[in-house]
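S.K.: Provided below for reference: sequence and predicted model.
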Amino acid sequence: MTNLTISVDAEVLKRARIRALEDNTSINAVLAQYLVRYARLDESRRQRQAALEALLTLAEQGQAGRGDNTWTRDALHER
């Protein structure tokens, strides 16, 4: 593990310490967990982009169509 030094407003740190105590954790644990999630954001974005590209590729390759059929709004919502 590597140590990290940050500067935080005293009042913010005080409120964060109180909340951490209420959550039965520490400021260090909260910040470490946040940094892990923050570092993974880029990977999550890449995965979402790859999934979107795969979906668009499937949509372009799809053979489904409506043929020569046309519909009116009334016909589609007929009860």
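M.R.: Happy to help now that I have it.
S.K.: pLDDT-wise, which helix or strand of this protein ranks last?
M.R.: Lowest by mean pLDDT, DSSP states H and E among the helices and strands of the chain is helix 73-76, with a mean of 85.
S.K.: ranges for the helices of the chain?
M.R.: 10-22, 27-61, 73-76 (DSSP state H).
S.K.: need those helices in CSV with mean neighbour count, can you?
M.R.: Where you see a C-beta, it was placed from the backbone N, CA and C, and this is true even at glycine. Formatted as CSV, these follow (neighbours: other CB atoms under 10 Å):
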stretch, mean neighbour count
helix 10-22, 11
helix 27-61, 10
helix 73-76, 7
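S.K.: tell me which of those sits nearest to Leu4.
M.R.: Smallest distance to Leu4 across the helices of the chain (CB to CB): 7.6 Å, for helix 27-61.
S.K.: which secondary structure elements does that closest one contact?
M.R.: Secondary-structure packing of helix 27-61 (3 or more CB pairs under 8 Å, 6 or more residues apart in numbering; DSSP states H and E): helix 10-22.
S.K.: which outside residues touch the helix it packs on?
M.R.: Here helix 10-22 makes contact (CB atoms under 8 Å, 6 or more residues apart in numbering) with Val8, Ser26, Ile27, Ala29, Val30.
S.K.: quick one: pLDDT of the closest residue to the second one other than its chain neighbours?
M.R.: Closest residue in space to Ser26, ignoring its immediate chain neighbours: Ala20 at 5.6 Å, by CB to CB, 6 or more residues apart in numbering. The predicted local confidence for Ala20 comes out at a pLDDT of 97.
S.K.: same deal with the one 4 residues further on?
M.R.: What the model reports as pLDDT for Asn24 is 98.
S.K.: before we move on, back to that, dump the helices of the chain to TSV, plus distance to Thr2.
M.R.: As requested, those are exported to TSV (distance: least, CB to CB, whole Å):
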stretch	distance to Thr2
helix 10-22	21
helix 27-61	11
helix 73-76	61
